[in-house]
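Q: Provided below for reference: sequence and predicted model.
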Amino acid sequence: MDRPLKNTILGINISHDTSIAIVKDGVLVDVFEEERCRRKKYWAPKSDEKTLLQSIEQKIDTDSIDEVVFTSFDRRDYSYTVPKELREDRLATREFVKEFTQRQHSRERIEELAEQFELEFTHAPNQCDSIIMDDIITEQFGKPRGEFLYNIKHHLHHAWCGLSLAPMDNALIIVMDGGGCRSQWDMYPTHQEIESIYYGTKTNRTDIQPLYQKLSNQRFVHDISDVFPNELHGFLHTESVDHVNLEDVDYEFVSYPSMGMNFSNVSQALGTDEEGRAAGKVMGMASYGKKEHNHYNKFNYAHQLELDSYVYTKRLIEKAIEYKPDCKNIILSGGFSLNCTNNYKYLQAFPDYQIFVDPIPHDGGTAAGAALEMYQEMVDGMGETTGDREYCKPSVWSES
């Protein structure tokens with residue numbers, strides 16, 4: 001395909017798996033991971049220290065870059081304060097649990113609970129990302145603060161990366177990970193993406209359409225549980241599910257963890273990593289485990305989770321196929337797609353389908369996805385005829 005725009009875009013992911021990616025004239029040409037340059041596993045930028053990426057210093061001629069786009073998971077949050085009187089009153093706590101677990105926590109529901117139990121819920125703005133981005137753009141590029149594009153469309157950027165690397169002109173794209181963007185922030189501010197289904201095409205132009213998304217507030221529920229006595233983990237989960245259709249996209253809002261979160265939780269519980277970042281180690285343990293009665297060890301625990309996750313994900317793939325029965329191509333992305341054992345099983349379960357696993361399925365791939373999406377936006381902004389109108393980069397904090 002003729003590339004109508006000649007430029008070089010640098011995509012930068014500032015979540016964990018920090019990375020940079022170069023898209024030149026619409027083609028992904030390089031991806032570099034910051035932890036490799038630093039030789040420090042799990043490194044991620046922090047807002048309380050000057051953040052300059054060694055991958056940029058070592059790999060990039062900053063003068064050759066025309067545009068910079070940042071991506072991340074969503075650091076916006078809802079902070080909360082639970083009155084001491086409520087935490088220490090056994091009967092009042094029981095009433096709170098009953099009400100809190102009755103239904104999903106939409107913004108409206110949160111406001112009702114705050115009034116009923118004298119809680120304080122406040123929006124915690126995402127200042128962390130802005131500090132990190134301004135450090136990089138001013139110190140490493142010598143540009144003014146805010147001279148970049150910022151997108152937090154986490155799962156969508158996974159999908160862009162997977163589709164660009166797949167040898168397919170069209171595909172159903174399934175993204176699964178521990179938690180991404182709070183894509184419905186206005187309605188459900190405590191919920192993050194955990195599963196997404198897209199349909200992507202790249203015959204004449206690359207286009208990715210969302211079909212389905214599941215969002216969970218498991219992290220929020222887990223954290224607020226901790227402020228009560230005895231750290232009753234998970235006792236505030238609700239079994240209800242909210243189903244919403246917005247602009248022909250199906251959404252489900254839940255409180256249970258994603259399978260990616262489950263692997264992270266087991267990682268933390270087994271001591272492989274204090275912060276639960278070593279989900280891949282648990283996947284590796286699963287290969288050595290067995291389903292044995294009355295025989296409990298770390299390998300068997302991991303093996304059982306592996307079996308459960310296979311059944312769960314198989315159903316998700318079947319759900320994706322229901323949206324586009326004629327499409328025989330499937331792309332898997334998101335950190336959960338690093339599960340090689342289960343990926344092999346999907347080939348056996350769906351013999352009539354081509355299944356492609358994103359080569360950069362973890363968050364490092366979102367740097368590439370953000371840059372590829374930006375390129376397409378720039379091309380679209382030129383109009384149907386070259387030079388029709390000049391691309392106007394969106395402002396950092398709004399859609400204007």
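A: Sure thing, it's come through. Keep in mind that what you see is a predicted model, and the values were worked out from it rather than measured.

Q: Contact partners for the residue nearest to the spatial centre of the chain?
A: Centroid check for the chain by CA atoms, centre = their mean gives residue 180 as the closest residue, at 2.8 Å. When contacts are counted by CB atoms under 8 Å, 6 or more residues apart in numbering, residue 180 touches 73-74, 154-155, 158, 192-194. C-beta here means a position set from N, CA and C on the backbone, and glycine is covered the same way.

Q: Residue 335 too?
A: Residues near residue 335 by CB under 8 Å, 6+ apart: 17, 176-178, 260, 279, 361-363.

Q: Run a quick neighbour tally on residue 319.
A: For residue 319, the neighbour count with other CB atoms under 10 Å is 17.

Q: was I right about residue 194 contacting residue 176?
A: Yes. The criterion here is CB atoms under 8 Å, and residue 194 meets it with residue 176 at 7.0 Å.

Q: Return every residue with contacts to both of those two.
A: 258, 260.

Q: so where's the stretch 251-400 of the chain shaky on pLDDT?
A: Within the stretch 251-400 of the chain, the segments meeting pLDDT under 70 span 382-400.

Q: In it, mark out all the strands, start to finish.
A: 329-333, 354-357 (DSSP state E, counting those that start in this stretch).

Q: which of these sits most buried?
A: Counting by mean count of other CB atoms under 10 Å, strand 329-333 has the highest mean neighbour count of those, with a mean of 25.

Q: Other residues contacting that one?
A: If you take CB under 8 Å, 6+ apart as the criterion, strand 329-333 is touched by 158-159, 161-163, 166, 168, 170-176, 200, 317, 320-321, 343, 346, 350, 353-358, 361, 365.

Q: In the longest helix along the chain, which residues are buried?
A: Looking across the chain with DSSP state H, the single longest helix is helix 298-323. Across helix 298-323, burial judged by 16 or more other CB atoms under 10 Å covers 298-306, 309-310, 313, 316-317, 319-321.

Q: try stretch 278-290
A: Buried, per 16+ other CB under 10 Å, within stretch 278-290: 278-286, 289.

Q: Columns distance to residue 326 on top of the contacts of residue 335, output as CSV?
A: Shown next, in CSV, are the contacts of residue 335 (distance: CB to CB, whole Å):
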residue, distance to residue 326
17, 34
176, 23
177, 28
178, 32
260, 29
279, 34
361, 25
362, 31
363, 32
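
Q: and whichever strand or helix holds residue 175, what does it pack onto?
A: Residue 175 belongs to strand 170-176 when assigned by DSSP states H and E. With contacts defined as 3 or more CB pairs under 8 Å, 6 or more residues apart in numbering; DSSP states H and E, the packing partners of strand 170-176 are helix 154-165, strand 192-201, helix 298-323, strand 329-333.

Q: And these: which comes nearest residue 377?
A: Nearest to residue 377 among the helices and strands packed on strand 170-176 is helix 154-165; the distance by CB to CB comes to 11.0 Å.

Q: and the angle from the closest one to strand 192-201?
A: For helix 154-165 against strand 192-201, the angle by axes from the mean of the first three to the mean of the last three CA atoms, to 10 degrees is 30 degrees.

Q: does residue 134 sit in a helix, a strand or a coil?
A: Counting by DSSP: H, G, I helix; E, B strand; the rest coil, the backbone at residue 134 sits in helix.

Q: Would you agree it is in contact with residue 147?
A: No. Contact criterion CB under 8 Å: residue 134 and residue 147 do not qualify, at 9.3 Å.

Q: how about the contacts of residue 180 in a markdown table, adding distance to residue 106?
A: A markdown table is the format used below for the contacts of residue 180 (distance: CB to CB, whole Å):
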| residue | distance to residue 106 |
| --- | --- |
| 73 | 21 |
| 74 | 17 |
| 154 | 21 |
| 155 | 21 |
| 158 | 26 |
| 192 | 15 |
| 193 | 16 |
| 194 | 17 |
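
Q: could you dump these to a markdown table with neighbour count and pLDDT?
A: Compiled in a markdown table, the contacts of residue 180 are given as follows (neighbours: other CB atoms under 10 Å; pLDDT from 0 to 100):
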| residue | neighbour count | pLDDT |
| --- | --- | --- |
| 73 | 23 | 87 |
| 74 | 19 | 87 |
| 154 | 29 | 95 |
| 155 | 29 | 97 |
| 158 | 35 | 97 |
| 192 | 27 | 95 |
| 193 | 28 | 96 |
| 194 | 27 | 96 |
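
Q: out of the residues you listed, who's nearest residue 21?
A: When these are compared against residue 21 (criterion: CB to CB), the nearest one is residue 158, at 12.7 Å.

Q: Run through the residues that contact that closest one.
A: Residue 158 touches 175, 177, 180, 333-334, 358, 361, 365-366, 369, counting by CB under 8 Å, 6+ apart.

Q: and residue 137, what helix or strand is that in?
A: Counting by DSSP H and E, residue 137 is part of helix 127-139.

Q: brain fart, residue 189
A: Applying DSSP H and E, one finds residue 189 in no helix or strand.

Q: State the distance from it to residue 25.
A: 39 Å (CB to CB, to the nearest Å).

Q: what's the answer for residue 262, then?
A: 41 Å.

Q: neighbour-wise, which of these two wins?
A: When neighbours are counted by other CB under 10 Å, residue 262 and residue 25 differ, and residue 262 comes out ahead with 20 against 13.

Q: Correct me if wrong: the more buried one contacts residue 309.
A: Yes. Shown here, residue 262 and residue 309 form a contact pair, counting by CB under 8 Å, at 7.1 Å.

Q: Now for the residue nearest to residue 292 when sequence neighbours are not counted: which residues touch it?
A: Leaving out its chain neighbours, the residue that sits closest to residue 292 by CB to CB, 6 or more residues apart in numbering is residue 300, at 6.0 Å. Residues near residue 300 by CB under 8 Å, 6+ apart: 289-292.
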